[in-house]
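[1] I'll drop the sequence and a predicted model, then ask my questions.
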Amino acid sequence: MQKLVIILITFVTSFVSAQSNYEKGMEKAFELWGSNNPVEAANMFERIANAEPDNWLPVYYAAQVNILYSFGLTDEKKLTEQLKKAQDLINDATAISKNNPEILVLQALLHTAWVAFDGATYGMTLSPKVVSIYEQAEQIAPDNPRVVYCKAEWGIGGAKYFGQDTKPFCKDLERALELFANFKPETPFHPNWGKDRVEMLLESCKE
């Protein structure tokens, strides 16, 4: 009986330690990201992902860093390498968590990065995919604030490109802001980004 208790305590201690290491690692990765060290942050997220093969969050964030820092790149070779890496990471995240609206939003943002880089080359083929992905995400999670806001921002971008009125999308942004007010992530590390961006976009709606 005493041996069983020792084994049980050892198991629980190692589990708590593993959880603690995961939390410390994630906090450190976010700290690096917040300190404008995206490469180091992405690398740490990847290391955590290797240690947490059944957890989609670290690989999700590794992909997100690569995607966000691809916007504005003018070197096509660098962009291609970065977005290919991000796509591989998204594929890994999807294998862990299928039909996940948060991951679907990332996939749409990756396609958007290509369109933003060269709309003439990638707009025709990728724009329908982006629309389809947001529709799929909306069906799964109609009240997810990132789904609502990212879909609206995509619509604003398209309207600007074709010289159309962007105001119809402002109501969607207002709804997204309301959803953010009531949104509670499952854990401190689950996606909870986007509110600041929505507030900024809504300022444009007032102009």
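    Done, it's in. This is a predicted model, so every value here is computed, not measured.

[2] Go through stretch 30-49 and flag the buried ones.
    F30, L32, W33, E40, A41, A42, M44, F45, E46, I48, A49 (16 or more other C-beta atoms under 10 Å). In this view, the C-beta of every residue, glycine as well, is placed from N, C-alpha and C.

[3] Keep only those of the residues you listed that are in helices.
    F30, L32, W33, E40, A41, A42, M44, F45, E46, I48, A49 (DSSP state H).

[4] From the residues you listed, pick the one nearest E186.
    Nearest to E186 among these, counting by C-beta to C-beta, is F30 at 16.5 Å.

[5] Could you pull up the residues touching the nearest residue to that closest one once chain neighbours are set aside?
    Leaving aside its sequence neighbours, F30 sits nearest to A41 (C-beta to C-beta, 6 or more residues apart in numbering; 7.3 Å). Shown in contact with A41 (C-beta atoms under 8 Å, 6 or more residues apart in numbering): A29, F30, L32, W33, Y61, V65.

[6] Closest to I103 out of those residues?
    Once C-beta to C-beta is applied, the member of the contacts of A41 that ends up nearest I103 is Y61, at 11.2 Å.

[7] The closest one: neighbouring residues, count only.
    26 (other C-beta atoms under 10 Å).

[8] Correct me if wrong: it contacts G25.
    No. Under the criterion of C-beta atoms under 8 Å, Y61 makes no contact with G25, lying 11.1 Å away.

[9] And stretch 200-207, how far out from the chain middle?
    The chain centre lies 23 Å from the centre of stretch 200-207; the measure is C-alpha atoms, centre = their mean, to the nearest Å.

[10] can you pull the buried residues of it?
    L201.

[11] Count the residues that sit near K129.
    With other C-beta under 10 Å as criterion, K129 counts 14.

[12] And it, which helix or strand is it part of?
    Applying DSSP states H and E as the criterion places K129 in helix 119-140.
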